[in-house]
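*Asks:* Just the structure for this:
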Amino acid sequence: MSIKKLGSQTIRFENPPSIIGAASIVGPKEGQGRFKDYYDLILSDNIYAESSWEKAEKKILKETIEIAIKNANLTTTKIEYLIAGDLLNQIISAGFAARELEIPFLGIYGACSTLAEGVTLGSIIVDGGFAENVVAAVSSHFCTAERQFRFPLELGNQRTPTSQWTVTGAGAMVLSSKQQNPRVTFATTGKVIDMGESDSNDMGAAMAPAAIDTIIRHFQDTGKTPDDYDLIITGDLGSIGKEITEELLKQKGYNMSNKYADCGVLIYYPEQDVHAGGSGCACSAVVTCGYIFKEMLKGQYNKVLLIATGALLSTTSSQQGETIPCIAHAISLENL
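*Replies:* Next up is the predicted model:
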């Protein structure tokens with residue numbers, strides 16, 4: 001068994017890839033939230049001078065990738081792989097952005113866990129010596145997600161109290177073989193967990209069991225405890241999913257209350273009335289590529305465990321009465 005594999009689901013990177021550059025672009029609502037000072041660009045509207053929401057999302061993702069590469073003091077010709085995904089059918093935001101970037105492209109889908117999935121795969125490529133510079137990137141958009149997964153905005157449907165607000169934005173990071181902080185040290189790949197939830201307007205409750213399973217597996221595989229991290233943060237469980245996760249982990253002997261947070265809870269202020277919090281691929285991405293990355297550069301955080309959560313449903317599966325299978329992937333970010 002390779003020394004890089006720990007337990008059943010975790011990789012320890014022998015040559016931990018460095019995050020040498022990151023970027024985030026957000027919409028106007030996110031730009032009024034808690035992390036407004038950490039984003040590279042805040043849009044004045046959600047359409048971004050395009051003719052459709054989908055074209056706007058593609059543009060946001062493309063420009064975020066370009067800014068991340070620029071922040072890493074590189075050019076696109078130095079990037080050997082682009083690993084990207086989004087929430088739309090056939091991951092069109094990622095594919096259409098890649099069409100213009102001329103970087104070898106690996107398109108992935110993990111719903112809102114896609115950033116952690118991309119960072120895991122990119123880190124494997126860099127740690128394995130298959131590339132020196134890899135970009136992992138994701139996007140989401142409130143208006144495109146509402147159109148695809150719920151109801152067109154024009155209908156004016158009322159949102160349920162358990163519903164979450166899809167973050168408009170994109171996040172990208174450049175993973176490199178260069179030795180500088182912060183670095184990706186561990187990755188725990190989750191299993192698909194389905195506890196029988198079927199309400200697509202209550203994603204936090206559906207995804208919480210997947211987050212719990214991956215967090216416990218990470219600690220068991222690595223031998224680490226919550227005390228080994230400065231911050232443990234889930235992707236987009238929202239207020240309902242976070243409460244479930246925190247309570248059930250406490251029952252299993254993992255008390256994380258003094259250092260556990262959720263990107264979906266933090267990204268908006270309560271008075272912004274997003275109900276249960278934020279969601280979407282960009283939720284964990286803009287918080288990680290904006291706030292967490294910059295705070296790690298300052299040494300405010302030195303060890304962060306990000307657990308990005310995703311609901312692997314589709315409109316077809318929901319209409320056919322299927323329950324919601326969920327996934328969570330964890331990555332450790334450390335200043336060594």
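
*Asks:* outside of the helix or strand of the chain with the lowest mean pLDDT, which residues touch it?
*Replies:* Across the helices and strands of the chain, mean pLDDT, DSSP states H and E gives its lowest value to helix 142-149, namely a mean of 81. Residues from elsewhere that reach helix 142-149 (Cβ atoms under 8 Å, 6 or more residues apart in numbering): 27, 29, 46, 53-54, 57, 87-89, 93, 152-153, 165-168, 200, 280, 315. Using the backbone N, CA and C atoms, a C-beta is placed for each residue, glycine as well.

*Asks:* now the strands: where do they sit in the stretch 201-336 of the chain?
*Replies:* Taking DSSP state E, counting those that start in this stretch as the test, the strands found in the stretch 201-336 of the chain are 231-234, 260-262, 278-279, 303-311, 326-334.

*Asks:* go on, the stretch 1-150 of the chain?
*Replies:* Taking DSSP E, counting those that start in this stretch, the strands of the stretch 1-150 of the chain run over residues 5-6, 10-12, 18-26, 41-42, 81-85, 105-107, 133-140.

*Asks:* any idea which of these is most buried?
*Replies:* Across the strands of the stretch 1-150 of the chain, the average number of neighbours (mean count of other Cβ atoms under 10 Å) peaks for strand 133-140, which reaches a mean of 32.

*Asks:* angle of it against strand 18-26?
*Replies:* Angle of strand 133-140 versus strand 18-26, following axes from the mean of the first three to the mean of the last three Cα atoms, to 10 degrees, is 20 degrees.

*Asks:* remind me which residues of the chain are low pLDDT?
*Replies:* 1-2, 150-151, 153-156 (pLDDT under 70).

*Asks:* Is it possible to get TSV of the strands of the stretch 1-150 of the chain that adds distance to residue 249?
*Replies:* Output for the strands of the stretch 1-150 of the chain, formatted as TSV (distance: least, Cβ to Cβ, whole Å):
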stretch	distance to residue 249
strand 5-6	20
strand 10-12	17
strand 18-26	27
strand 41-42	34
strand 81-85	28
strand 105-107	33
strand 133-140	26
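
*Asks:* so which of the ones you listed gets nearest residue 327?
*Replies:* Comparison of those against residue 327 by Cβ to Cβ identifies strand 81-85 as nearest, at 12.7 Å.

*Asks:* Count the neighbours of residue 262 for me.
*Replies:* For residue 262, the neighbour count with other Cβ atoms under 10 Å is 29.

*Asks:* and the gap between it and residue 78?
*Replies:* Counting by Cβ to Cβ, to the nearest Å, the separation of residue 262 from residue 78 is 35 Å.

*Asks:* likewise residue 165?
*Replies:* According to Cβ to Cβ, residue 165 and residue 78 sit 36 Å apart.

*Asks:* Same check on residue 324?
*Replies:* For residue 324, the distance to residue 78 equals 40 Å [Cβ to Cβ].

*Asks:* so what's residue 324 up against?
*Replies:* Neighbours of residue 324 in contact, by Cβ under 8 Å, 6+ apart: 194, 197, 198, 200, 203, 206, 311, 312, 313, 318.

*Asks:* could you point out which element follows the least confident helix or strand of the chain?
*Replies:* Downstream of helix 142-149, the first helix or strand assigned by DSSP states H and E is strand 165-166.

*Asks:* Can you name the next helix or strand after that following strand?
*Replies:* Scanning forward in sequence from strand 165-166 by DSSP H and E, the next helix or strand is strand 169-176.

*Asks:* Next, the angle from that next one to helix 142-149.
*Replies:* Going by the same axes, to 10 degrees, strand 169-176 makes 100 degrees with helix 142-149.

*Asks:* Which elements pack onto strand 169-176?
*Replies:* For strand 169-176, the packing partners by 3 or more Cβ pairs under 8 Å, 6 or more residues apart in numbering; DSSP states H and E come out as strand 18-26, helix 53-71, helix 114-127, strand 133-140, helix 281-286.

*Asks:* circling back to that earlier point, and the angle from the least confident helix or strand of the chain to helix 53-71?
*Replies:* Counting by the same axes, to 10 degrees, helix 142-149 lies at 130 degrees to helix 53-71.
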